[in-house]
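Asker: got a sequence here, can you model it:
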Amino acid sequence: MEIVTVDNFDFWFMGFLNYQKAFSYLRQAISQVHNPVQK
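Answerer: The predicted structure is shown next:
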């Protein structure tokens, strides 16, 4: 799985047993950065 940021950095994630679940967790983490929970 390759993730490329807006400033053109590449991140490679390899060796996942379940890519669908890993993608789901990464998507959740990214959405929390863009929409932080306010307390």
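
Asker: mind telling me what element the most centrally placed residue in the chain is part of?
Answerer: Nearest to the mean C-alpha position of the chain, by C-alpha atoms, centre = their mean, lies residue 26 at 2.9 Å. Using DSSP states H and E, residue 26 sits within helix 19-34.

Asker: contacts only, for the closest residue to residue 26 other than its chain neighbours.
Answerer: Distances taken as C-beta to C-beta, 6 or more residues apart in numbering put residue 3 closest to residue 26, at 7.3 Å, once the chain neighbours are dropped. Yep, even glycine has a C-beta here, placed from its N, CA and C like the rest. If you count contacts by C-beta atoms under 8 Å, 6 or more residues apart in numbering, residue 3 has them with 10, 11, 13, 26.

Asker: lowest-confidence entry in those residues?
Answerer: Among the contacts of residue 3, residue 13 has the lowest pLDDT, at 78.

Asker: and the nearest residue to it once chain neighbours are set aside, what is it in contact with?
Answerer: Excluding its sequence neighbours, the residue lying closest to residue 13 (C-beta to C-beta, 6+ apart) is residue 1, at 4.4 Å. Shown in contact with residue 1 (C-beta under 8 Å, 6+ apart): 12, 13, 14, 16, 19, 22, 23, 26.

Asker: give me that answer again for 7 Å
Answerer: 13, 16, 19, 22, 23 (C-beta atoms under 7 Å, 6 or more residues apart in numbering).

Asker: out of the contacts of residue 3, which sit inside strands?
Answerer: Within those, residues falling in strands by DSSP state E are 10, 11.

Asker: so which of the contacts of residue 3 comes closest to residue 33?
Answerer: If you rank those by distance to residue 33 using C-beta to C-beta, residue 26 comes first, at 10.9 Å.

Asker: pull the distance from stretch 26-39 to the chain's centre.
Answerer: 11 Å (C-alpha atoms, centre = their mean, to the nearest Å).

Asker: next: stretch 11-24.
Answerer: Here stretch 11-24 is found 9 Å from its chain centre; the criterion is C-alpha atoms, centre = their mean.
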